[in-house]
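> Okay, here's the prediction I keep looking at, along with the sequence it came from:
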Amino acid sequence: MSIELRTERLWLRPVAPADRDALHRLWTDPDVRRFLWDDRVIDLVVVDGVLAASVASFAAEGFGHFALRESEAGPGVGADGADALLGTCGLHRYTPGAEPELLYSLAPECWGSGLASEAARAVVADAFVRLDFPRVLARADVPNRGSVRAMQRLGMQHAGEREEGGLRLVSYTLAREDWQRTGR
């Protein structure tokens, strides 16, 4: 089963090997990697690992990382359209058995456009409707104000802060009942 999501401006489809180079460019951009990879420059082996884990997660659990493209893009966009990658959004388990978390990364030229929130709304709706999740969790580095604002726009509630791996993280959650009540 191929899972694709559409929004007014975006086409979300599972990341694929054809996205490898575009993902590497996105995730090694200094502004993107600052919070996504704790400012570490990742190599293609890391990208390959994320791709493989996402493909396996979609096959086993029905969720993973989606590639974000403009809604006019469609099937057939691949290696030729790799530059059209605007970002990623999806759900990921950081460790086996852990609760899946909402993740997103967006090309800096798209920041401030509302695309991260738009993609995240689609992924959250999918989590509640198709996957029947009782809640969605998201975390961000405390100084990542843009990510925190995106979580708040989704209607997520602050769930605390803690230190993990030397980083100060803030957590937000959204219960399915709250999502249904607000009509998001």
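On my side now, so go ahead.

> where exactly do the strands run in the protein?
With strands called from DSSP state E, the chain shows them at 5-6, 10-14, 65-70, 87-92, 101-106, 135-141, 157-164, 167-175.

> Can you lay out these as CSV showing mean neighbour count and mean pLDDT?
Any C-beta I mention is one placed from the backbone N, CA and C, and that applies to glycine too. Shown next, in CSV, are the strands of the chain (neighbours: other CB atoms under 10 Å; pLDDT from 0 to 100):
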stretch, mean neighbour count, mean pLDDT
strand 5-6, 16, 96
strand 10-14, 21, 96
strand 65-70, 25, 96
strand 87-92, 25, 96
strand 101-106, 22, 94
strand 135-141, 21, 94
strand 157-164, 11, 94
strand 167-175, 17, 94
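
> the helices in this structure, which residues?
20-28, 30-36, 44-61, 115-129, 145-153, 176-182 (DSSP state H).

> ok, and for the second one, which residues are buried?
Buried residues in helix 30-36, counting neighbours by 16 or more other CB atoms under 10 Å, are found at 32-33, 35-36.

> Out of those residues, the closest to residue 181 would be?
Lowest distance from residue 181 to the buried residues of helix 30-36 (CB to CB) belongs to residue 35, with 30.6 Å.

> hang on, that closest one packs against residue 142?
No - taking contacts as CB atoms under 8 Å, residue 35 lies outside contact range of residue 142: 10.0 Å.

> Would you reformat the helices of the chain as a markdown table and include distance to residue 167?
Shown next, in a markdown table, are the helices of the chain (distance: least, CB to CB, whole Å):
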| stretch | distance to residue 167 |
| --- | --- |
| helix 20-28 | 17 |
| helix 30-36 | 9 |
| helix 44-61 | 18 |
| helix 115-129 | 20 |
| helix 145-153 | 13 |
| helix 176-182 | 27 |
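
> Among those, which comes closest to residue 88?
helix 20-28 (7.2 Å).

> Low-confidence bits of this structure, can you list those?
Applying pLDDT under 70 to the chain flags residues 1, 73-83, 183-184.

> could I get the strands of the chain as TSV with distance to residue 23?
Converted to TSV, these look like this (distance: least, CB to CB, whole Å):
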stretch	distance to residue 23
strand 5-6	18
strand 10-14	12
strand 65-70	8
strand 87-92	7
strand 101-106	9
strand 135-141	20
strand 157-164	24
strand 167-175	22
